[in-house]
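Show me how the following folds:
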Amino acid sequence: MHMKKLALFMVLLAAPLSADVTSPSGKTQDCYCTDKQGKRVELGEVRCLSVGGRVFMARCEMSLNNPMWRETGESCVAS
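Next up is the predicted model:
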């Protein structure tokens, strides 16, 4: 159940990553992820995410023409 919530959160957190996607009308659209504040995060950038009580590193990537956060398997570095 937590994995479904995590997956849903990641999909909702990801807004239109930085790759070119062509719409059916032929227009090129810029893709990127967003952070908690709604700021743009380019494809390939890594951030520490806190989701459902878990804290982990995730990379902004494309999956089936959709931007998403993919867990890297690394822990967040504490300062």
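
now this protein, which segments are flagged as low pLDDT?
For the chain, applying pLDDT under 70 flags the ranges 1-29, 78-79.

Looking at this structure, which strand is longest?
strand 54-63 (DSSP state E).

could you point out which element follows that strand?
The helix or strand immediately downstream of strand 54-63 is strand 66-71, counting by DSSP states H and E.

what's the angle from that following strand to strand 54-63?
Orientation check (axes from the mean of the first three to the mean of the last three CA atoms, to 10 degrees): strand 66-71 against strand 54-63 gives 140 degrees.

Mind jotting down where the helices sit in this protein?
Applying DSSP state H to the chain gives helices spanning 2-13.

Excluding sequence neighbours, find me the nearest residue to Cys33.
Nearest residue to Cys33, sequence neighbours excluded (CB to CB, 6 or more residues apart in numbering): Cys60, at 3.8 Å. Using the backbone N, CA and C atoms, a C-beta is placed for each residue, glycine as well.

on that earlier part again, can you name every helix or strand that the longest strand of the chain contacts?
strand 46-51, strand 66-71 (3 or more CB pairs under 8 Å, 6 or more residues apart in numbering; DSSP states H and E).

Tabulate the CA atom coordinates of that strand in CSV.
Output in CSV follows, covering the C-alpha atoms of strand 54-63 (Å, rounded to 0.1, in the frame of the first residue of the first chain):
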residue,chain,number,x,y,z
ARG,A,54,10.9,7.9,4.1
VAL,A,55,13.9,10.0,3.1
PHE,A,56,15.9,8.9,0.0
MET,A,57,17.8,10.2,-3.1
ALA,A,58,15.9,10.3,-6.4
ARG,A,59,16.9,11.4,-9.9
CYS,A,60,14.6,13.3,-12.3
GLU,A,61,14.1,11.0,-15.3
MET,A,62,11.7,10.3,-18.2
SER,A,63,9.5,7.2,-18.2
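
That strand pairs with which strands, parallel or anti?
Strand 54-63 has these partner strands in its sheet, going by DSSP bridges: strand 46-51 (antiparallel), strand 66-71 (antiparallel).
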